[in-house]
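Compute the structure for the input listed below.
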Amino acid sequence: MKYILLFLLSLSACTQPAPAPTTHNSEDKLHQTEPPGQSHVTRNGDTAVLRTAINNRKIEVFAIADSLLRLSQEGEATITIPFYTELFAYCDTMDINRDHQNDLFIYGHPNMHGQMSPYVFLSNNEGKLRYREDLSICNLCYDTATKQVISFYIGGVFSDHTKDAYIWKNDSLQLVRGASITVIQEGAAMFDRLQFYKGNNRKVYRTVIENSGAIWDTAVFKEYPSIYFRD
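Residues are numbered from 1 along each chain as shown. Reported below is the predicted structural model:
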């Protein structure tokens, strides 16, 4: 489980193919700052306004913490959805379904383990954004190393740690394989239980106890990708 330990010293989140992943130590910020002049977030108490351009369309996102999020784009009706967090960060350069149109990921505040599930607005073939609640999957991103859509979760000592890989089918993500590792305590004994599963119902087809930590390090994918985002 050495990659889990390395990951906990850094924050990851999602991006388009970019520079080689960087390793952050515990003193680093939990995000990359945005390039100047490209987009801008204005914050005032519980509200935040993001102004950017995606697929050559001007985009404005207005968010009220623990209330609602409203997305406006040129030539389209405003999209309003419930928003159960605050606008912590965003990514407007990732093409999650590889259709050559950038998508918009809005991130709420990380949980106690530093993990984030995005609010995803997927572009159609005209570059117009549509909200996709079904894609609110923790640390969802396109992994440039393995060239696949993946997600992962790194929890606490007794939480499940997961790695999942997906394919696109009929405009929906289908889980093709995944793995989870959990610390199990039975009386005075503690050990790692590694399980492999497949399909959207996550049917377990293999359980490993012996040498599970070493096997986990390369299960599904080897290294956690860096996920870049802006604040």
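
for the spatially closest residue to L122 that is not a sequence neighbour, what are its contacts?
Distances taken as Cβ to Cβ, 6 or more residues apart in numbering put R132 closest to L122, at 4.7 Å, once the chain neighbours are dropped. Every C-beta, even on glycine, is put in place using the N, C-alpha and C of the backbone. R132 makes contacts with V120, F121, L122, as judged by Cβ atoms under 8 Å, 6 or more residues apart in numbering.

who's the second one bridged to?
Looking back up the chat, that one is F121. With beta bridges defined as DSSP bridges, F121 has these partners: L104, Y131.

isn't it right up against R130?
Yes - when contacts are counted by Cβ atoms under 8 Å, F121 is listed as touching R130 (6.5 Å).

Give me the residue at the spatial middle of the protein.
N139 (2.1 Å; Cα atoms, centre = their mean).

What are the buried residues along stretch 115-129?
Of all the residues in stretch 115-129, those buried under the rule 16 or more other Cβ atoms under 10 Å are Q115, M116, S117, P118, Y119, V120, F121, L122, S123, K128, L129.

how about the nearest residue to the fourth one, chain neighbours excluded?
Distances taken as Cβ to Cβ, 6+ apart put F105 closest to P118, at 4.2 Å, once the chain neighbours are dropped.

The one you found: what's it in contact with?
Applying Cβ under 8 Å, 6+ apart, the residues contacting F105 are C14, Y90, C91, D92, M94, P118, Y119, V120, F121, F229.

Same list, these, but as JSON lines with distance to T218 and pLDDT please.
Output for the contacts of F105, formatted as JSON lines (distance: Cβ to Cβ, whole Å; pLDDT from 0 to 100):
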{"residue": "C14", "distance to T218": "22", "pLDDT": "39"}
{"residue": "Y90", "distance to T218": "32", "pLDDT": "96"}
{"residue": "C91", "distance to T218": "27", "pLDDT": "95"}
{"residue": "D92", "distance to T218": "32", "pLDDT": "94"}
{"residue": "M94", "distance to T218": "25", "pLDDT": "93"}
{"residue": "P118", "distance to T218": "26", "pLDDT": "96"}
{"residue": "Y119", "distance to T218": "31", "pLDDT": "97"}
{"residue": "V120", "distance to T218": "28", "pLDDT": "98"}
{"residue": "F121", "distance to T218": "33", "pLDDT": "98"}
{"residue": "F229", "distance to T218": "27", "pLDDT": "85"}
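
Thanks again, I'm all set now.
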